[in-house]
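In: Structure for this input, please:
(chains A, B and C)
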Amino acid sequence: MTLMPGVQGLLGLHRTLVPAFSRFVSSPTQLTSVGLPRGLCTVTATVSDSKPSVGPENESLLESLTFMGVDVKMVRQRQPGVLRKIITNEQGLAHFLHGKGASRKVVAGIISRYPRAITRSGEHLEQRWAMWRGVFKSDSEIVSILDRSPESFFRSSDNDNLEKNIVFLGSLGLNAKDLHRLLTTAPRTFSNSVELNRQMVEFLEDVCAELGGEDPGQFAKVVISRNLYILIRSTKRVKANIDFLKATFKMSDPELLALLQGAGAEILDLSNEYLKRNLKMLQEKLASLGCRKVDVKKLIVCYPTVLFIGSDTLSSKLDCLLKGGITMRQILEKPKVLEYSTQNITGRLEELHKLRYDFEKNGINILDSSRKRFDAKLERLALSSEE
DNA sequence: AACACCGGGGTCTGCCATTCTC
DNA sequence: GAGAATGGCAGACCCCGGTGTT
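Out: Numbers count the residues shown, from 1 in each chain, chains lettered A, B, ... in the order given. Sure thing, here's the model as predicted:
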């Protein structure tokens, strides 16, 4: 974690860029209103008529933000307290982010969506960025995450905690690639308190141990790398889902253990109500199509992702397959076809019908293939039908 | 060469509620 | 008591291709 002590000072040199709105300040971690050189910030306390009960908004800050293209209305709606602050670092933040390749528009978007970002000091930003750079390959990668989710980067001011998280997650056996995927996909994980992350990991280890698993540490690692969102969910939610699966299908411990560290990991973070609703609809739908209870269980065990699919989507997907001449038996045998969009399936069925493709004879694997492979197959079919 | 099996990769924030801190 | 920090929630799949087998 190498930091650049000179950068803070450098930032200050650029404050003259927009002299009228120069409101820079840097303090060790966060901006505070005590012990700072007055000359570095504009202190304006104009009475605002919008909210007389609390302190007035800082007019010069409002002007500064407006000038930067920030959506002040949005700021007021999200974190109104920020607008009342006497000392902020919006220019420093903007300069910092520009230096990392962010456009003016991106910066404005970041501040609009997570106003508290402007309360972070230059030094804090440098330090946090350096830590993220330890995981990412380039500044632009980080900029794109910030643009996507400013809150993930700015919500916590605790850089020590961030470092502890990186160490902790690394200690689980997650390698550099895993960490990269984790931070890209679920950046919020790194703003969680390390204690919260630890709780989830311990919870997963306990689950494994209770089910008679041999290596709880490995289990937790596998579940996390299979479901990158799990650390930003509550243990309450994950527990409810595990209990629900266990009770509903009366699974044995080894059966459940295998499911959870296999394809089942990805449905653990669904909202419990959603999971229940989807299963109920699935059971009803399959029953109406003549499937037995054992068929449903078998389907869930070998293809738990089916529970991820919303009931309307699933229903229309099944209808579309059945209408296209596929049988329920075939779908149960090759449930992966359900992974493709209804639109994709519909299109493929149409094309195959044109060529009088015989699903009875050839099976339905052709529906579960990449676009490239499907097109190649189609070409071959067209050629052979010409003969 | 064609197919089947199977695992991996992408992607997911923005808001509200509660607790902490000054 | 205000604002900051943190926890938790709803939302709701799709696609590709390596590799072993036939």
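
In: Pull the residues that contact stretch A:356-363.
Out: Stretch A:356-363 is contacted by residues A:325, A:326, A:330, A:334, A:352, A:366, A:381, A:385 when judged by C-beta atoms under 8 Å, 6 or more residues apart in numbering. No exception for glycine: its C-beta is placed from N, CA and C like everyone else's.

In: Spell out the residue ranges of the helices in the stretch 251-387 of chain A.
Out: Secondary structure of the stretch 251-387 of chain A (DSSP state H, counting those that start in this stretch): helices located at A:253-260, A:272-288, A:293-302, A:311-323, A:328-333, A:342-354, A:359-362, A:371-386.

In: just the ones you listed: most buried one?
Out: Of the helices of the stretch 251-387 of chain A, the one with the most neighbours on average (mean count of other C-beta atoms under 10 Å) is helix A:253-260, at a mean of 18.

In: returning to what we had before: dump the contacts of stretch A:356-363 into JSON lines; add pLDDT and distance to residue A:121 as well.
Out: Below are the contacts of stretch A:356-363 laid out as JSON lines (pLDDT from 0 to 100; distance: C-beta to C-beta, whole Å):
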{"residue": "A:325", "pLDDT": "92", "distance to residue A:121": "65"}
{"residue": "A:326", "pLDDT": "94", "distance to residue A:121": "61"}
{"residue": "A:330", "pLDDT": "93", "distance to residue A:121": "62"}
{"residue": "A:334", "pLDDT": "93", "distance to residue A:121": "57"}
{"residue": "A:352", "pLDDT": "94", "distance to residue A:121": "62"}
{"residue": "A:366", "pLDDT": "94", "distance to residue A:121": "59"}
{"residue": "A:381", "pLDDT": "91", "distance to residue A:121": "65"}
{"residue": "A:385", "pLDDT": "74", "distance to residue A:121": "70"}
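
In: how about the closest residue to residue A:227 other than its chain neighbours, what does it touch?
Out: Closest residue to residue A:227 apart from its sequence neighbours, by C-beta to C-beta, 6 or more residues apart in numbering: residue A:265 at 4.5 Å. The contact partners of residue A:265, by C-beta under 8 Å, 6+ apart, come to A:222, A:223, A:226, A:227, A:230.

In: Please apply the same query to residue A:299.
Out: Per C-beta under 8 Å, 6+ apart, neighbours of residue A:299: A:286, A:306, A:332, A:335.

In: Please tell me I have it right and the second one contacts residue A:315.
Out: No - counting by C-beta atoms under 8 Å, residue A:306 sits too far from residue A:315 to count as a contact (12.0 Å).

In: if we can go back for a sec, of the contacts of residue A:265, which is the nearest to residue A:250?
Out: Residue A:250 lies nearest to residue A:223 out of those, by C-beta to C-beta, at 21.9 Å.

In: okay, the host helix or strand of that closest one in CSV with CA atoms only?
Out: Assigned by DSSP states H and E, residue A:223 falls within helix A:216-226. Listed next in CSV are the C-alpha coordinates belonging to helix A:216-226 (Å, rounded to 0.1, in the frame of the first residue of the first chain):
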residue,chain,number,x,y,z
PRO,A,216,-15.5,-25.6,6.1
GLY,A,217,-12.9,-23.1,5.0
GLN,A,218,-12.9,-24.5,1.5
PHE,A,219,-16.7,-24.6,1.5
ALA,A,220,-17.0,-20.9,2.3
LYS,A,221,-14.5,-20.1,-0.3
VAL,A,222,-16.3,-22.1,-3.0
VAL,A,223,-19.6,-20.6,-2.1
ILE,A,224,-18.2,-17.1,-2.3
SER,A,225,-16.5,-17.6,-5.6
ARG,A,226,-19.6,-19.1,-7.0
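
In: contacting residues around that helix?
Out: If you take C-beta under 8 Å, 6+ apart as the criterion, helix A:216-226 is touched by A:172-174, A:178, A:181-182, A:201, A:204-209, A:213, A:230-231, A:257, A:260-262, A:265-266, A:268.

In: If we use 6 Å, what do you get?
Out: Helix A:216-226 is contacted from outside by A:172, A:173, A:178, A:201, A:204, A:205, A:208, A:209, A:213, A:230, A:261, A:265, using C-beta atoms under 6 Å, 6 or more residues apart in numbering.

In: so which of those would you say is closest to DNA strand B?
Out: residue A:178 (8.5 Å; C-beta to the nearest atom of the strand).
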